[in-house]
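Visitor: this one's sequence-less:
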């Protein structure tokens, strides 16, 4: 068990063997919590908001594919475009 000292500005150094065991590298983010009177640090990854929304859409079934060919992808895009356009079409008055 490694001991660490609290430095100026309450900084600590995570011992090398501990860092390597969990794969923490410079620039990584750690979530700090108090659990049962102990401080715990858990490595966390931050996901771009756009990626997070895409993952949520996929999980909710709001996605298309997978496609075996480019032709299948393009056909799917055309079908979806047609659906959108059919909902937004404005009927013109007939002249006469």
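Guide: The structure has been received and is ready for your questions. Computed from a predicted model, the values in this text were never measured in an experiment.

Visitor: domains in the chain, by residue range?
Guide: 10-44, 49-88 (automatic domain parsing).

Visitor: for these, which has the smallest mean pLDDT value?
Guide: Ranked by mean pLDDT, the domains of the chain end with domain 49-88 at the bottom, a mean of 88.

Visitor: distance from it to the middle of the chain?
Guide: Chain-centre distance of domain 49-88: 18 Å, with Cα atoms, centre = their mean, to the nearest Å.

Visitor: go on, stretch 37-51?
Guide: Worked out by Cα atoms, centre = their mean, stretch 37-51 lies 12 Å from the chain centre.

Visitor: may I see the buried residues of the helix or strand that contains residue 56?
Guide: Taking DSSP states H and E as the definition, residue 56 sits inside helix 49-59. Residues of helix 49-59 classed as buried: none (neighbour count, 16 or more other Cβ atoms under 10 Å). Any C-beta I mention is one placed from the backbone N, CA and C, and that applies to glycine too.

Visitor: check which element follows it along the chain.
Guide: As assigned by DSSP H and E, the chain's next helix or strand after helix 49-59 is helix 70-88.

Visitor: in a markdown table, list the domains of the chain along with distance to residue 3.
Guide: As requested, the domains of the chain are exported to a markdown table (distance: least, Cβ to Cβ, whole Å):
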| stretch | distance to residue 3 |
| --- | --- |
| domain 10-44 | 9 |
| domain 49-88 | 38 |
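
Visitor: among the ones you listed, which is nearest residue 1?
Guide: Closest to residue 1 of the domains of the chain is domain 10-44 (Cβ to Cβ; 9.6 Å).
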